[in-house]
Every structure is written in C-alpha cells, then in structure tokens.
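> Sequence first, then the predicted structure, then my questions.
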Amino acid sequence: MPRGRRLDLYAAGAAVLLVTTAVLVGRHIQGTSRTLFVNWPPLMASWEPHLGPGTPMAVLVAIATVAYGPGLAARLPWRALVPLTWGTAMAWIYSLALIDGWHRGIAVRLTTRQEYLQVIDRFQDIPAALRGFTGHILLGSPGHWPAHVAGHPPAAPLTFVLLDRVGLGGGGWAGVWCVTVGATACAAVLITVRALADEDLARRTAPFLVLAPAAVWMGTSADAYFAAVAAWAVALLALAVTGRSLWWAGASGLLFGLTCYLSYGLTLVALIAAAVLVLGRHGVRGRPALLVPLLAGLAVVPTAFTLAGFNWWEAYQLLVTRYYQGAGGVRPYGYWVWANLACTVLITGLATAAGLRRTGAVLVRRRGDAPARTAETRLALLVSAALLALLVADLSGMSKAETERIWLPFALWLLPACAFLTRPQAPGSARAGETPVRAWLTAQALLPLLLNHLLLTGW
C-alpha cells in the first residue's frame with residue numbers, strides 16, 4: 001500500500017478513536033453527573049434502531065452515487081453537473097429524513113416547543129415584534145422566546161413568518177423549505193471550488209458533497225437553510241473576485257448581511273470570505289471597485305433591521321447571558337471543547353478526516369506540476385479557512401453540544417478536502433483512481449445510514 005494511503009487510514013483511524021472516546025467519556029459523564037444534556041453523547045440523539053419509508057430510497061441513492069458518481073462527475077458538462085449535484089444531494093437528504101417517516105422526520109421537526117414555528121402568532125405585527133425582540137431573550141423576561149428563537153437574530157424566525165404569510169405555513173412546508181434550500185449549498189461549494197481552484201478539483205469534490213453525512217441534520221434543521229445562505233454569499237464573492245461581474249459582489253454582500261441576521265455565530269464566515277478575497281485571481285487590491293457594491297450590499301440587511309428597532313449587538317450580549325442561564329452554563333467546557341470535534345467527524349465523515357490530512361500535505365508540498373500545485377494550494381487554503389472558523393467557534397465556548405447542526409455552515413467547506421483523496425493517473429483518464437474514491441464514498445454513505453437507522457436524532 002502506498003505511504004499516502006496508509007497515512008489516510010491512520011487519519012481515519014484517529015477520527016474513529018476520537019468519536020469512540022467522546023461516546024464512552026460522554027456516557028460516563030452523563031450517567032454520573034447528567035451535565036451534558038444530551039441522551040447519546042456527543043450527539044443530541046437517542047438510541048432507537050428503526051427502519052422507515054426512506055430506507056430503500058436512501059440505500060438506492062447511496063449505491064447509485066458510489067457506483068456512478070465519480071464517472072458522471074468527470075464526464076458530464078459543467079452546466080449539467082451543478083444541478084445534478086443539487087438534485088442528488090436533495091434526494092439524499094430527503095431519503096435520510098424519511099427513515100423517520102414524513103411526520104416525525106420532516107413535518108414536526110420545526111414545530112416543537114423550542115422551535116421557530118412556536119412564535120408565528122407573535123409576529124402578527126412584525127415591526128412591533130422586531131422593536132420588542134430583545135425584551136424577550138432572557139429567561140425570566142415576560143413571554144421569553146423559545147430557545148432557538150432567542151438564540152438567533154430575528155431574520156431566522158421571520159423567514160418562517162413570511163412563509164406562513166404567503167400560504168406555506170406549518171411544519172411540512174418549513175421542513176421542505178429547509179431541505180430544498182439547504183441542499184443548494186452543495187452547488188454553491190462546487191461553484192466556489194471551480195472559481196478559486198479549478199474545474200477538475202470541483203468535479204472530484206461533487207460526489208462527496210452529495211453523500212455528505214451532514215445530510216442527517218440538513219433534514220430537517222433551519223441550520224441547513226442558514227448554511228445555504230452563507231455558502232451562496234461565499235460563492236458569489238468568489239465569482240466577483242475572479243472577474244465575472246461587480247453585480248456578484250453586491251449580491252454577495254447582501255447575503256453576507258442576511259447571514260449575520262440569521263445566526264450570530266455565522267459572523268465567522270468572514271474568515272472564509274477573507275480567504276476568498278485573498279485567493280481571487282484579481283482580488284480587491286486589483287479591482288478596488290468591488291468594495292463599493294460589496295459594502296453597499298452588506299449594509300442593506302443590517303440597516304433595515306436597525307431602522308426597524310432591532311439592536312444586533314445588544315441582542316447578542318443578552319443571548320450570552322441567556323446561554324449561561326440555561327444548559328450552556330452547566331455543560332462542561334472541558335468535555336465539549338474536544339467532543340464537538342467528534343461531532344464534526346460525524347457530520348463530515350472519515351473521508352474528510354483523510355482529506356484534511358492531505359490538505360496539510362498540500363500546504364507543505366514544494367514539488368509537482370506548477371498549475372496543479374497552485375490549484376490544489378488554493379483549495380487547501382480555502383478548506384483551512386473553514387477549519388479555522390470552526391475552531392474559533394469551538395474555542396469560544398458558545399457552541400457546547402448540538403454542533404452537529406450548528407456547525408453545518410462551516411462543515412460543508414471541509415468536504416472539498418476529499419478531492420485530494422485521488423489524483424488522475426493520466427491526462428483525460430476518467431477512471432483513474434476511482435477505486436479508492438469509491439471506497440471512501442462507501443464509508444461516507446454508510447455513516448449516515450447507520451446513524452439514522454440506529455439513532456433518533458434531535459434534528
């Protein structure tokens with residue numbers, strides 16, 4: 001076995017060891033002090049082996065993607081590959097969710113007592129609700145918001161309020177919205193990799209984006225929707241800095257502004273955006289005119305919410321207090337600061353662990369074909385920026401548990417590291433290196449199938 005593949009297996013083995021340790025230590029802590037507030041640490045889940053109507057479809061999507069995904073990704077025209085990646089990812093997410101059935105898997109996920117749909121009636125007067133939003137964040141305040149509403153800026157609940165206003169009310173439509181929009185994040189990542197690195201690396205990434213274990217929590221979680229908005233903000237910025245159009249810069253700024261008003265923690269997406277600015281072939285220094293539409297777009301959503309009476313910074317400070325009023329003040333930092341990383345393994349898979357090892361190798365490599373090395377280095381830097389954002393979120397202590405859904409917007413940007421797991425052995429060879437790719441894809445597919453059939457996840 002080549003040394004590189006042996007090291008890949010060591011990286012995957014280390015990831016397995018991390019998850020196993022998190023499970024065993026977590027079960028001990030939860031069994032003795034019950035301070036983790038999760039039933040199956042490190043995940044918010046319960047042990048409940050089961051089958052469901054989504055089982056056959058999930059197995060079929062997995063087999064088809066493993067068997068045909070690498071070949072199709074190499075041969076299809078680009079304009080066909082992007083929507084196919086989105087559609088197949090969406091089928092994967094829906095099929096995994098339907099293992100729990102339509103009702104339990106999709107329709108009621110966003111209607112539970114801590115979720116966004118609980119507050120629809122309190123937004124009858126939207127301007128008044130926004131003006132008084134911060135007055136209901138703290139526990140003990142009159143009519144305090146449910147946990148997820150209090151934990152996010154008002155663009156998050158307002159999304160579901162607006163869906164209700166246009167006739168798409170209820171948990172079913174909310175779930176469909178999150179899955180359908182969330183799956184587009186795969187297309188956004190694909191477009192970004194092509195713009196900043198090259199098309200070959202993007203094509204090699206596509207099957208891994210489709211079979212991402214994160215799909216378990218993208219159906220149905222509002223964080224999937226947040227991940228898609230953030231991913232498209234990055235993708236449009238990548239198109240802007242690589243010379244497509246200044247209009248992309250304005251659209252990117254608009255989505256970055258919305259991202260910050262969907263989740264406080266997603267301000268860390270700025271680290272990925274900074275990497276995009278550095279990696280752009282022209283960059284802001286070469287095209288300073290990009291800054292005008294970018295900053296103008298970025299100002300739109302914050303200005304609108306501020307004029308409506310919502311103070312983002314005040315709300316965030318109150319959220320920190322609320323967080324420590326609840327489980328955040330009890331959950332031990334000493335466990336979650338590394339167990340969160342075990343959750344990351346479970347949402348990105350063993351292939352990504354091996355891919356991250358290769359990412360590091362790319363960054364230290366000094367030899368090889370210059371164009372290919374440059375493209376791979378660009379991709380490695382993009383992945384590293386996402387990893388940095390995730391680590392900052394981890395060290396902040398504001399993400400103790402439940403990171404299997406909270407970190408979806410960062411985790412999706414780690415998956416392109418899987419493109420490094422194979423390199424074509426000859427120019428134009430579509431099948432070169434497909435055997436190890438299929439092995440890694442099989443590992444990626446088996447993980448979410450096992451998780452969703454053995455556990456009842458919280459999202």
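Everything's here; your move. Numbering: from 1, shown residues only.
> Enumerate every residue touching the residue nearest the centre of the chain.
Central residue check for the chain by CA atoms, centre = their mean: the C-alpha nearest the mean position is that of residue 408, 2.3 Å away. When contacts are counted by CB atoms under 8 Å, 6 or more residues apart in numbering, residue 408 touches 182, 214, 217-218, 221, 223-224, 226-227, 347. All C-beta atoms are positioned from the backbone trio N, CA, C, and that covers glycine.
> make it 7 Å
Residues counted as contacts of residue 408 (CB atoms under 7 Å, 6 or more residues apart in numbering) are 214, 217-218, 223-224, 227, 347.
> Next: residue 293.
Contact partners of residue 293, counting by CB under 7 Å, 6+ apart, are 246, 249-250, 253.
> before we move on, the earlier item: dump the contacts of residue 408 to a markdown table, plus neighbour count.
Shown next, in a markdown table, are the contacts of residue 408 (neighbours: other CB atoms under 10 Å):
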| residue | neighbour count |
| --- | --- |
| 214 | 33 |
| 217 | 34 |
| 218 | 33 |
| 223 | 28 |
| 224 | 29 |
| 227 | 36 |
| 347 | 28 |
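> Using JSON lines, please lay out these together with secondary structure and distance to residue 234.
Output for the contacts of residue 408, formatted as JSON lines (DSSP: H, G, I helix; E, B strand; the rest coil; distance: CB to CB, whole Å):
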{"residue": "214", "secondary structure": "coil", "distance to residue 234": "16"}
{"residue": "217", "secondary structure": "helix", "distance to residue 234": "20"}
{"residue": "218", "secondary structure": "helix", "distance to residue 234": "17"}
{"residue": "223", "secondary structure": "helix", "distance to residue 234": "16"}
{"residue": "224", "secondary structure": "helix", "distance to residue 234": "16"}
{"residue": "227", "secondary structure": "helix", "distance to residue 234": "11"}
{"residue": "347", "secondary structure": "helix", "distance to residue 234": "18"}
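> Report the contact partners of residue 306.
Per CB under 7 Å, 6+ apart, neighbours of residue 306: none.
> Quick check: next helix or strand after the helix or strand hosting it?
Using DSSP states H and E, residue 306 maps to helix 291-307. The helix or strand immediately downstream of helix 291-307 is helix 312-325, counting by DSSP H and E.
> Could you give me the buried positions within that following helix?
Neighbour-count burial for helix 312-325 flags 312, 315-316, 318-319, 322-323 (criterion: 16 or more other CB atoms under 10 Å).
> Now do the contacts for the residue nearest to residue 151 when sequence neighbours are not counted.
Among residues not flanking residue 151 along the chain, residue 319 sits closest, at 6.2 Å (CB to CB, 6 or more residues apart in numbering). Contacts for residue 319 were tallied using CB under 7 Å, 6+ apart; they are 137, 150-151, 264.
> most surrounded residue in those?
Sorting the contacts of residue 319 by how many neighbours each has (other CB atoms under 10 Å) puts residue 150 first, at 25 neighbours.
> Can you list phi and psi of the nearest residue to that residue once chain neighbours are set aside for me?
Nearest residue to residue 150, sequence neighbours excluded (CB to CB, 6+ apart): residue 137, at 4.7 Å. Main-chain torsions, residue 137, degrees, to the nearest 10: phi -80, psi -50.
> of the contacts of residue 293, buried ones?
Neighbour-count burial (16+ other CB under 10 Å) applied to these gives 249-250, 253.
> So which of these are in strands?
If you go by DSSP state E, the buried ones among the contacts of residue 293 have nothing in strands.
> Next up, the contacts around the closest residue to residue 15 other than its chain neighbours.
Leaving out its chain neighbours, the residue that sits closest to residue 15 by CB to CB, 6+ apart is residue 353, at 3.8 Å. Counting by CB under 7 Å, 6+ apart, residue 353 touches 11-12, 15, 345.
> mind running it again at 10 Å?
Residue 353 is in contact with 8, 10-16, 18-19, 344-345, 414, 417-418, counting by CB atoms under 10 Å, 6 or more residues apart in numbering.
> can you pick the most crowded of these?
Most neighbours among these, by other CB under 10 Å: residue 418, with 31 neighbours.
> ok, that residue - contacts?
If you count contacts by CB under 10 Å, 6+ apart, residue 418 has them with 204-209, 211-212, 348-349, 351-356, 358-359, 383, 437, 440-441, 444.
> Just the pLDDT for it.
Per-residue pLDDT puts residue 418 at 97.
> same question, the one 4 residues further on
You'll see residue 422 listed with a pLDDT of 80.
> picking that back up, from the contacts of residue 353, pick the one nearest residue 296.
For those, the minimum distance to residue 296 (CB to CB) is 31.2 Å, reached by residue 414.
> ok, residue 92 touching residue 212?
Yes. Using CB atoms under 10 Å, residue 92 makes contact with residue 212 at a distance of 8.0 Å.
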